[in-house]
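In: Below is the sequence, then the predicted model.
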Amino acid sequence: MTNPTTTKSTRRTFLTAGAAAVAMPFFIKGDDKTGKKLPILGEGEHKYECIHDWGELPSNIKYGNTHSISEDAQGHIYVHHTVYEDSPSPDSVVVFDEKGKFVRSWGAMFRGGAHGMHLRKEGNTEYLYFCDEKHGIITKRTLKGEEVWTMGYPQDSPIYQKGIGANGPGGAAGLNYRPTNIAIAPNGDFWVGDGYGSYYMFHYTVASPTAYPKLKNTFGGPPKQEEGGEARGGGARGGGRGRGRGEGGGGARAGAGGPGGGRGPGGGARGPATVPPLNRVGTPRNAPIESMNNPHGNWVDLRDPNTPYLLVADRGNARIVRYTLDDKPLEVFGGTLQPCHFYPNPKSKEILVPDLQSRVSILDADNKIIINLGEPTVPNPPRTTTDRSSFIPGQFVAPHTSIYDHNQNIFVGEWVEIGRVTKLRKLA
């Protein structure tokens, strides 16, 4: 692991190395068993057959934005989506077996707000943790949806406290709260990012698998000089206080080529545009390391079991930030454009980072980009399209989630209005 005292030099070195490491596009064609051509993404040890619209979705379920994907110990794939407006079924959680056959669905309570989903085995039992950004809740459920606990607005946080006499930055009205993702440590501690709300992180502790969580700390948030100024966090995806732009990322980059601004490779709401160069190297915004601008994703990094860390996808600042598990910022990593979340490779120290800027990045043990998958070479349709045939094979529009399964295949879910689940079947 990098020594925290070398933050500045590490960041410069990474940006330079990142540009060299991803200098070539990775896209060729291949044939499937029916004779139809399927895209092949990547090269060398990172080569995948691209299977779009994976899974036999029942006719009564219409995907909304496909925000999260998980895999359980049986190899079942869970897709968490917002549910399309005219879907006959309100279920937001759809379960498939590893061959893509429909198993079950549930989760009507998350319709419209489905966002983060994290699967964790505790003892002999697996649980799902959800973040619902529309309804402002975090909840722990069994794999079939039975409730273990649910938490709403974080009134226990002095920063978020609302009501008469409240001293937080939001005063009596409190702050906008729209949680996006959750990260869990081996001891059960977990972190939640208020990615679409007011940009803080919450650290919780739990006494047992069924115990109600207790708030330990609130940290992050916008730079101090912004507190008390322009309101924070609401934006296009809901009411609230602020400059946040929902999925666009809340930062300057949202309007500069990503779904937030509708002009980038993802298409946005305004239609296709000029395709940017492949393998762009993102430059983090010049923001204090302890501040946040859409802490959209988070993950407890156990690649070095002797020194675990918390990684935060600070998407609005176009960066990844490493924290200690007692919530102290250590180091900034650049290279990504609008990082959404993280997922570890079960057989190596590589991690996946879905990036709203139309690509999925694979990072090495030092958080340097090895390869970008699915970047567009021709303009994508708008992410709001209702014509599934307009999606370009082999290209991503707005990757929001990506995971490895037990065979090191990759599943990708996208922030597009009619949903899109892609399986990247590992070839090498």
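Out: Perfect, thanks for sending it.
In: ok, residue 373 to residue 275 distance?
Out: Distance, residue 373 to residue 275, by Cβ to Cβ, to the nearest Å: 16 Å. No exception for glycine: its C-beta is placed from N, CA and C like everyone else's.
In: scratch that, residue 363
Out: With distances taken as Cβ to Cβ, residue 363 is found 24 Å from residue 275.
In: still on that earlier bit, which of residue 373 and residue 275 has more neighbours?
Out: The residue with more neighbours, out of residue 373 and residue 275, is residue 373; 27 against 16, by other Cβ atoms under 10 Å.
In: Who is residue 52 paired with across the strands?
Out: residue 422 (DSSP bridges).
In: quick one, what contacts it?
Out: Going by Cβ atoms under 8 Å, 6 or more residues apart in numbering, residue 52 touches 391, 393, 420, 422.
In: Most neighbours of all those residues, which one?
Out: residue 422 (27 neighbours).
In: Show the pLDDT at it.
Out: pLDDT recorded at residue 422 is 98.
In: same thing with residue 264?
Out: 41.
In: next one: the one 5 residues further on
Out: As predicted, residue 269 sits at a pLDDT of 41.
In: again, but for residue 256
Out: Looking at residue 256, its pLDDT reads 30.
In: Where does pLDDT dip in the chain?
Out: 1-35, 226-273 (pLDDT under 70).
In: all helices of it, in order?
Out: Using DSSP state H, the helices found in the chain span residues 7-21.
In: residues in contact with residue 216?
Out: Counting by Cβ under 8 Å, 6+ apart, the residues that residue 216 touches are 189, 203-205.
In: Please read the previous query as pertaining to residue 347.
Out: Residue 347 makes contact with residue 408 under the criterion Cβ under 8 Å, 6+ apart.
In: mind redoing it with 10 Å?
Out: Contact analysis of residue 347 by Cβ atoms under 10 Å, 6 or more residues apart in numbering lists 404, 406-408.
In: repeat for residue 193
Out: By Cβ under 10 Å, 6+ apart, the residues touching residue 193 are 116, 131, 178-183, 199-202, 220, 292, 294-298, 312-315, 341.
In: ok, it to residue 122 distance?
Out: Taking Cβ to Cβ as the measure, residue 193 falls 22 Å from residue 122.
In: circling back to that earlier point, which two among the contacts of residue 52 are spaced furthest apart?
Out: 393 and 420 (11.6 Å; Cβ to Cβ).
In: So which bits of stretch 123-141 are buried?
Out: Judged by neighbour count using 16 or more other Cβ atoms under 10 Å, the buried positions of stretch 123-141 are 126-141.
In: what's the straight distance from one end of it to the other?
Out: 15 Å (Cα to Cα, to the nearest Å).
In: now swap in stretch 146-159 and tell me
Out: One end of stretch 146-159 to the other measures 31 Å (Cα to Cα).
In: didn't residue 162 look like it was pressed against residue 198?
Out: No. Look at residue 162 against residue 198 with Cβ atoms under 10 Å: they stay out of range, at 11.8 Å.
In: With neighbour numbers in mind, choose between those two.
Out: It is residue 198, of residue 162 and residue 198, that has more neighbours when counted by other Cβ under 10 Å, with 29 against 16.
In: What's the separation between the more buried one and residue 130?
Out: Residue 198 is 20 Å from residue 130, by Cβ to Cβ.
In: How many residues are close by the nearest residue to residue 75 once chain neighbours are set aside?
Out: In space, and not counting its chain neighbours, residue 75 is closest to residue 98: 4.0 Å by Cβ to Cβ, 6 or more residues apart in numbering. Taking other Cβ under 10 Å as the criterion, the count of residues near residue 98 is 15.
In: so who does residue 98 touch?
Out: With Cβ under 10 Å, 6+ apart as the criterion, the residues that contact residue 98 are 71, 74-77, 405-407, 409, 423.
In: Tabulate those residues (JSON lines), appending neighbour count and distance to residue 369.
Out: As requested, the contacts of residue 98 are exported to JSON lines (neighbours: other Cβ atoms under 10 Å; distance: Cβ to Cβ, whole Å):
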{"residue": "71", "neighbour count": "19", "distance to residue 369": "24"}
{"residue": "74", "neighbour count": "13", "distance to residue 369": "32"}
{"residue": "75", "neighbour count": "13", "distance to residue 369": "29"}
{"residue": "76", "neighbour count": "19", "distance to residue 369": "30"}
{"residue": "77", "neighbour count": "25", "distance to residue 369": "26"}
{"residue": "405", "neighbour count": "19", "distance to residue 369": "22"}
{"residue": "406", "neighbour count": "13", "distance to residue 369": "25"}
{"residue": "407", "neighbour count": "11", "distance to residue 369": "23"}
{"residue": "409", "neighbour count": "20", "distance to residue 369": "20"}
{"residue": "423", "neighbour count": "21", "distance to residue 369": "22"}
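In: biggest separation within those, which pair?
Out: Between any two of the contacts of residue 98, the greatest separation by Cβ to Cβ is 17.0 Å, found for 74 and 423.
In: Which residues are in contact with the closest residue to residue 108 other than its chain neighbours?
Out: Nearest residue to residue 108, sequence neighbours excluded (Cβ to Cβ, 6+ apart): residue 90, at 3.9 Å. By Cβ under 10 Å, 6+ apart, the residues touching residue 90 are 61, 83, 105-112.
In: Please check these and keep the buried ones.
Out: 61, 83, 105-107, 109-111.
In: Next up, the contacts around residue 214.
Out: 156, 204-207.
In: Quick one: residues contacting residue 89.
Out: Per Cβ under 10 Å, 6+ apart, neighbours of residue 89: 58-62, 83, 105-106, 108, 111.
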